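heads up, no residue letters with this:
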């Protein structure tokens with residue numbers, strides 16, 4: 001069996017290695033148009049920033065090491081220019097010499113990945129204008145920073161790459177501005193969770209221009225870059241990085257007549273087979289199913305690409321396998337924060353017509369009595385009625401990644417939100433609490449399902465009547481209340497509520513707030529048991545303050561969510 005693989009990064013390299021492990025006799029040829037294979041895309045910004053100092057650390061394999069270990073014929077600087085499915089042949093051009101030739105195959109795996117999007121305003125030739133997608137891109141930025149010592153940079157786009165390169169350039173002492181067309185950074189997050197990221201960026205000196213669109217880029221008289229923002233506004237910098245996203249690199253597949261889908265992506269079945277016989281496709285170039293909604297999706301992440309490469313290889317080697325879809329689980333470092341998400345966010349749920357509910361909580365990363373615990377903010381989404389888990393977003397310092405992984409696993413397993421309470425998770429004071437944050441989210445969902453807990457949310461606060469028809473109660477301490485509170489809320493500390501219950505007017509709904517949502521829940525239980533109808537503010541005043549007053553996420557965790 002002769003297998004040709006087009007593309008040698010995550011999906012292509014994974015497929016090649018798996019085929020060799022399953023078939024020692026197969027002839028495997030990998031064509032990669034860049035000069036590198038099996039490189040760590042996600043590590044590229046950190047080489048620019050000097051966190052990763054050795055260029056060789058960016059490449060997990062070289063053509064020589066791949067051949068030595070797997071006897072795979074890797075040919076870099078070779079571009080496949082045509083596919084002829086009827087003849088089972090590809091046309092190849094050697095980029096260094098221009099020589100062309102044809103190569104036959106029994107099986108073909110397409111792993112061309114995605115290309116950095118360059119909007120019309122960025123399709124200009126400027127030596128100080130960059131994108132960041134390949135090792136070559138990285139070296140170009142790195143060499144420019146080393147040689148020219150730029151003092152300022154404008155980043156167009158506030159997604160993962162934009163944030164990471166902004167952090168790394170800021171770490172080099174540069175004045176950094178992110179220009180983002182949307183009203184928030186990081187579109188996988190809901191706006192209130194993105195606000196925590198934005199506060200952290202600003203606190204570390206990164207300027208943010210949100211709801212702001214770049215209309216053009218031009219060279220300044222001093223040799224720098226001017227970004228035109230409209231309304232006669234502009235911003236000047238010594239360099240610019242365009243990071244507005246990626247698009248499937250599928251011109252080759254389209255020209256060969258393969259079926260394409262969203263944004264020109266390659267359509268594959270669960271076996272990673274394309275519409276052409278014996279042609280497979282994997283990675284950022286393919287259309288997949290969103291595991292939560294079942295809708296067609298583009299999810300350009302290394303984890304799914306590696307799994308898809310393995311599945312394609314299994315099927316090529318006669319071992320039936322299928323790809324279930326993608327959750328889009330991801331994690332990113334934002335200065336001192338860790339930000340992670342899985343599944344869909346609230347906005348996506350609404351667009352998909354899913355009636356969703358949510359809980360917010362602010363647990364500590366480990367037992368609060370053990371030194372060093374840090375706070376995290378969690379948002380867990382589930383479908384009303386069925387309680388099906390839809391997704392989660394977590395922003396914090398420690399323990400964020402393991403909690404998002406537990407929730408991602410639970411979604412894959414088909415758990416409901418209340419079933420998170422049943423998970424038997426490891427506990428020791430330095431690592432977690434006896435009631436792990438994931439368990440706590442389950443307890444909250446369980447309380448909602450049983451009618452013990454009714455909630456109101458950030459988007460409801462301004463619409464609550466202040467005409468006396470409802471009672472607004474702040475259950476925090478007097479000191480907390482005096483440091484800041486929501487207008488209209490009356491302060492009765494939870495520990496005094498039973499003795500002062502006469503101050504809470506009967507016959508009216510009671511809306512209760514505290515710092516994190518825990519003490520207000522306790523207050524709600526007291527009120528419910530005394531015949532009141534009460535609603536707990538999910539997320540607490542700390543969430544309200546972070547979203548409305550640009551307060552950064554507190555690092556230290558205190559009992560009951562109290563920030564001292």
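Received, thanks. If you're wondering where the values come from, they're calculated on a predicted model, not measured in any experiment. Numbers count the residues shown, from 1 in each chain.

thinking residue 229 is in contact with residue 235, fair?
Yes: the pair residue 229 / residue 235 is scored as a contact, 6.5 Å apart, by C-beta atoms under 8 Å. To be clear about C-beta, it is placed using only N, CA and C from the backbone, and glycine gets the same treatment.

what residues are up against the residue nearest to residue 533 when sequence neighbours are not counted?
Spatial nearest neighbour of residue 533, excluding adjacent residues (C-beta to C-beta, 6 or more residues apart in numbering): residue 509 at 4.9 Å. Under the criterion of C-beta atoms under 8 Å, 6 or more residues apart in numbering, the neighbours of residue 509 are 470-471, 532-535.

And the buried ones among those, selectable in PyMOL?
This is how PyMOL selects the buried members of the contacts of residue 509, with burial counted by 16 or more other C-beta atoms under 10 Å:
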select buried, resi 470+471+532+534+535
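
coming back round to it: read off the pLDDT value for the residue nearest to residue 533.
At residue 509, the pLDDT value in this model is 97.

From residue 88, how far off is the most centrally placed residue in the chain?
With distances taken as C-alpha atoms, centre = their mean, the residue of the chain nearest its centroid is residue 330 (4.2 Å). Using C-beta to C-beta, to the nearest Å, residue 330 is found at 37 Å from residue 88.

got the domain boundaries for this protein?
2-39+51-113+247-316, 120-244, 336-450, 455-561 (automatic domain parsing).

Check the offset of the first one from the chain's centre.
If I follow you right, that is domain 2-39+51-113+247-316. Relative to its chain's centre, domain 2-39+51-113+247-316 lies at 24 Å (C-alpha atoms, centre = their mean, to the nearest Å).

so how far is residue 111 from residue 324?
Distance from residue 324 to residue 111, by C-beta to C-beta: 19 Å.

Comparing the two, which shows the higher neighbour count?
Comparing residue 324 with residue 111 by other C-beta atoms under 10 Å, the one with more neighbours is residue 111, at 30 against 12.

wait, that one sits on residue 309?
Yes: under the criterion of C-beta under 8 Å, residue 111 makes contact with residue 309 at 6.8 Å.

what residues do these two have in common as contacts?
Residues touching both residue 111 and residue 309 (C-beta under 8 Å, 6+ apart) are 10-12, 15, 282-283.

which one of the residues you listed sits closest to residue 143?
Residue 143 has its nearest neighbour among those in residue 10, at 25.1 Å by C-beta to C-beta.

wait, that closest one sits on residue 310?
No: Residue 10 is beyond contact range of residue 310, at 10.8 Å (criterion: C-beta under 8 Å).

Looking at the two, which is more packed in?
Between residue 10 and residue 310, residue 10 has the larger neighbour count (other C-beta under 10 Å), namely 28 against 21.

who's in contact with the more buried one?
38, 41, 111, 113, 283, 302, 305-306, 309 are the contacts of residue 10 under C-beta under 8 Å, 6+ apart.

The residues you listed: which two are farthest apart?
Taking C-beta to C-beta as the measure, those span a maximum distance of 14.5 Å, between 41 and 309.

doesn't residue 125 fall inside a strand?
No: looking at residue 125 with DSSP: H, G, I helix; E, B strand; the rest coil, it is coil, so not inside a strand.

what about it, distance to residue 440?
Distance from residue 125 to residue 440, by C-beta to C-beta: 54 Å.

what does residue 13 give?
Taking C-beta to C-beta as the measure, residue 13 falls 40 Å from residue 440.

So which of those two has more stuff around it?
residue 13 (27 against 20).

That one and residue 62 touch, don't they?
No: between residue 13 and residue 62 there is no contact under C-beta under 8 Å: 11.2 Å.

between these two, what contacts are shared?
Residues touching both residue 13 and residue 62 by C-beta under 8 Å, 6+ apart: residue 37.

Need the pLDDT of residue 552.
Per-residue pLDDT puts residue 552 at 73.

was I right about it contacting residue 201?
No: with contacts counted by C-beta under 8 Å, residue 552 stays clear of residue 201, the gap being 9.9 Å.

who's more crowded, those two?
Taking other C-beta under 10 Å, residue 552 and residue 201 do not tie; residue 201 has more neighbours (23 against 17).

Can you tell me the element that one falls in?
Taking DSSP states H and E as the criterion, the element that holds residue 201 is helix 191-203.

what's the spacing between that helix and its chain's center?
On C-alpha atoms, centre = their mean, the centre of helix 191-203 falls 14 Å from the chain's centre.

cool, stretch 469-485 as well?
35 Å.

what's near enough to touch the nearest residue to residue 543 once chain neighbours are set aside?
Distances taken as C-beta to C-beta, 6+ apart place residue 360 nearest to residue 543, at 6.1 Å, with adjacent residues excluded. Residue 360 sits next to 377-379, 517, 538-540, 543 when contact means C-beta under 8 Å, 6+ apart.

what about residue 360, distance to residue 539?
Remark: distance between residue 360 and residue 539 (C-beta to C-beta) = 3 Å.

Find the residues that touch each one of the two.
377, 517.

Summarise which helices and strands the strand or helix carrying residue 545 is packed against.
Assigned by DSSP H and E, residue 545 belongs to helix 540-549. Judged by 3 or more C-beta pairs under 8 Å, 6 or more residues apart in numbering; DSSP states H and E, the packing partners of helix 540-549 are helix 191-203, strand 377-383, strand 510-513.

Let's have those in CSV, adding distance to residue 212.
Compiled in CSV, these are given as follows (distance: least, C-beta to C-beta, whole Å):
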stretch, distance to residue 212
helix 191-203, 13
strand 377-383, 26
strand 510-513, 33
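
what about the strands in the stretch 451-564 of the chain?
Assignment of strands within the stretch 451-564 of the chain using DSSP state E, counting those that start in this stretch yields the ranges 455-456, 471-474, 490-491, 510-513, 534-537.

for those, which one sits closest to residue 104?
strand 455-456 (62.6 Å).

which residues touch residue 204?
So, once contact is read as C-beta under 8 Å, 6+ apart, residue 204 ends up touching 167, 170, 335.

Excluding residues flanking it in the chain, which one is nearest the first one?
Distances taken as C-beta to C-beta, 6+ apart put residue 335 closest to residue 167, at 5.9 Å, once the chain neighbours are dropped.

So what's the residue count around that neighbour?
Residue 335 has 17 neighbouring residues, counting by other C-beta under 10 Å.

And for residue 74, the neighbour number?
Residue 74 - counted by other C-beta under 10 Å - has 25 other residues nearby.

who's in contact with residue 183?
By C-beta under 8 Å, 6+ apart, the neighbours of residue 183 are 191, 210-211.

Closest one of the residues you listed to residue 176?
Set against residue 176, the nearest of the contacts of residue 183 by C-beta to C-beta is residue 210 (14.7 Å).

thinking that closest one is in contact with residue 180, fair?
Yes: here residue 210 lies in contact with residue 180, judged by C-beta under 8 Å, at a distance of 5.2 Å.

Can you check which residues contact both of the two?
With C-beta under 8 Å, 6+ apart as the test, residue 210 and residue 180 both reach residue 158.

quick one, which of these two is more surrounded?
Between residue 210 and residue 180, counting by other C-beta under 10 Å, residue 180 is the more crowded of the two (25 against 15).

so how far is residue 105 from the residue nearest to that one when sequence neighbours are not counted?
With sequence-adjacent residues excluded and distances taken as C-beta to C-beta, 6+ apart, residue 180 is closest to residue 158, at 3.5 Å. According to C-beta to C-beta, residue 158 stands 41 Å off from residue 105.

Having no further points to raise, I will conclude here.
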